[in-house]
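Enquirer: Just the structure for this:
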Amino acid sequence: MTVYFIGAGPGDPELITVKGQRLIRSCPVILYAGSLVPEPVLQGHSAEQVVNTAELNLGEIITLLQEAHERGLDVARVHSGDPSLYGAIGEQIRELRALDIPFEIIPGVTATAACAALLESELTLPGIAQTVILTRYGTTSPMPEGEQLHDLARHRATMAIHLGVRQLPAIVAELLPHYGSDCPVAVIHRASWPDQDWVLGTLADIQERVAAKDFRRTTLILVGRVLDPGGFTESALYDAAHRHLYRPGHD
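Expert: Numbering: from 1, shown residues only. As a prediction, the model looks like this:
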């Protein structure tokens, strides 16, 4: 028996790995985070028990996993996006280890990747940004020392900010001194869902644009020059003058 933590992707039921889909369709028990995982992700399953865990607490979830373990039944524990990012699997794993229950993590497509695809953007461009910072805006729980937004903003890297649309004025205020008022910003609502929507602006006008859309939750904020880079250096990867193992020089 194994508990499989499966990343279901950002919303589109087709943005799930083949392995994740296979396990969902074969596991006799499914526990899924229904607040963010759409039911079509479960299509084709043959499970004898399917539980939406959105209204359950940690203890109740662990009890269900323990019961499945005692019955020798594999569990598809389905989370949105990639379970290793803001998936709240750490505390579940700690409990499973204490109970000596086997588990495995199946990666998934992140919300950041879905947003970049929607915006037709590459988040790392030569000479513009070679670093992507995935973070959240601290509200219900404080950020660790050194991870406050103004600390991270000093790097001027491409930044993906989760759970922050309600604090957009404060976020803009912390980013402005480091990125500048003309820095491109995108706020994406429910990327890859049927009702996805987004706005693209700058730090100078993004608050007004978001207010017009009335985005309140389930959004991701992307910040960085890569969103509107203008001219940038081409990658060495496909440069005809660049030689490497698969494209050696010719005499």
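Enquirer: The nearest residue to P28 once chain neighbours are set aside - how many residues pack around it?
Expert: Leaving out its chain neighbours, the residue that sits closest to P28 by Cβ to Cβ, 6 or more residues apart in numbering is L73, at 4.6 Å. C-beta: built from backbone N, CA, C; applies to glycine. Other residues lying near L73 total 16 when counted by other Cβ atoms under 10 Å.
Enquirer: how about the helices of this structure, start to end?
Expert: Assigned by DSSP state H, the helices in the chain fall at 18-26, 58-70, 90-98, 111-118, 149-153, 168-179, 206-213.
Enquirer: Single out the most deeply packed of those helices.
Expert: The highest mean neighbour count among these, using mean count of other Cβ atoms under 10 Å, belongs to helix 111-118: a mean of 22.
Enquirer: Output the contacting helices and strands for that helix.
Expert: Here helix 111-118 touches strand 158-162, strand 184-189, strand 219-223, going by 3 or more Cβ pairs under 8 Å, 6 or more residues apart in numbering; DSSP states H and E.
Enquirer: Could you list the residues in contact with that helix?
Expert: Contacts with helix 111-118, where a contact means Cβ atoms under 8 Å, 6 or more residues apart in numbering, come from 9-12, 15, 80-81, 122-123, 132, 134, 160, 162, 186, 188, 191-192, 196, 198, 220, 222.
Enquirer: hang on, the earlier thing: for the helices and strands packed on helix 111-118, which one sits closest to L99?
Expert: Ranking the helices and strands packed on helix 111-118 by proximity to L99 (Cβ to Cβ) places strand 158-162 first, at 30.0 Å.
Enquirer: Output stretch 41-59 as CSV, nothing but the C-alphas.
Expert: The C-alpha trace of stretch 41-59 is given here as CSV (Å, rounded to 0.1, in the frame of the first residue of the first chain):
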residue,chain,number,x,y,z
VAL,A,41,-9.2,15.5,-13.1
LEU,A,42,-10.8,12.4,-11.6
GLN,A,43,-12.5,11.3,-14.8
GLY,A,44,-12.1,7.6,-15.5
HIS,A,45,-11.4,6.6,-12.0
SER,A,46,-12.6,3.3,-10.5
ALA,A,47,-12.1,4.1,-6.9
GLU,A,48,-14.4,2.7,-4.2
GLN,A,49,-13.9,5.7,-2.0
VAL,A,50,-13.6,9.3,-3.2
VAL,A,51,-13.4,12.1,-0.6
ASN,A,52,-13.2,15.9,-1.1
THR,A,53,-10.8,17.0,1.7
ALA,A,54,-11.5,20.7,1.4
GLU,A,55,-13.6,20.7,4.6
LEU,A,56,-11.4,18.3,6.5
ASN,A,57,-8.6,19.1,9.0
LEU,A,58,-5.2,17.4,9.1
GLY,A,59,-6.3,14.8,11.7
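Enquirer: isn't I62 right next to Q92, touching?
Expert: Yes. Look at I62 against Q92 with Cβ atoms under 8 Å: they come within range, at 6.9 Å.
Enquirer: List the residues that contact E120.
Expert: With contact set as Cβ under 8 Å, 6+ apart, E120 has no partners.
Enquirer: Tell me how far it lies from E174.
Expert: To E174, E120 is 27 Å away according to Cβ to Cβ, to the nearest Å.
Enquirer: Then R156?
Expert: Noted for R156: a distance of 13 Å to E174, by Cβ to Cβ.
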